[in-house]
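In: no sequence on this one, just coordinates:
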C-alpha cells in the first residue's frame, strides 16, 4: 500500500494499578511508583517497552534508519510527541505532513528489524524495576502491552 497522508495517535504507557474490590476508584489509572496509596491496589500491571526497559532511544535510532533513506525527516521532538503510536500511523503521518509518497507496507518490517537488531542495548528502568522487586510476593503483578 502506498500512502501520502494519514494521522497518528498516541498511546499512554506507565504502571497501572487496580484497586481492591470495594475501593472507591475501581478504574485503572496511571500510578506514580512512589504513591503512598499503592497498598490499596490488589495488583500492579507494568508495560514493558518504555516502562520496565528504556527503549525510547533505540526506537528513535531505528526510526532514523528507516525514514532518512525514504526522504523524510523525523526530529526528536516530533518522535517524542508520537511515542507509542503504531508504526503504520507514524509513517502515514510523516508521509502526509512532508508530502512524500511511501510504500508503508515495505517499511513496516524494516522498522521492526532495525529495532530488533538493537535489543542487545536495552537497559532496565531501575526505579520501576525496584518497585516490582519491592512488591514481589506481596502483590499480584503482570507485564502487559
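Out: Cool, the structure landed. As the structure is a computational prediction, the values presented were derived from the model and not from experiment. Numbers count the residues shown, from 1 in each chain.

In: the longest strand in this protein is where?
Out: strand 41-47 (DSSP state E).

In: give the pairing partners of that one; include direction for each.
Out: According to DSSP bridges, strand 41-47 forms sheet pairs with strand 15-19 (antiparallel), strand 140-144 (parallel).

In: model confidence over the first one, on average?
Out: Going back to what we said before, that points to strand 15-19. Averaging pLDDT along strand 15-19 yields 36.

In: same deal with the last one?
Out: Strand 140-144 carries an average pLDDT of 93.

In: centre of the chain to that strand, how far?
Out: Put simply, strand 140-144 sits 16 Å off its chain's centre (C-alpha atoms, centre = their mean, to the nearest Å).

In: that older thread, list the buried residues of the longest strand of the chain.
Out: 41, 44-47 (16 or more other C-beta atoms under 10 Å). C-beta: built from backbone N, CA, C; applies to glycine.

In: and it, average pLDDT?
Out: Per-residue pLDDT values across strand 41-47 average out to 88.

In: show me how far the following helix or strand past it is from its chain's centre.
Out: Using DSSP states H and E, the helix or strand that follows strand 41-47 in sequence is strand 53-54. Relative to the centre of its chain, strand 53-54 is centred 10 Å away, using C-alpha atoms, centre = their mean.
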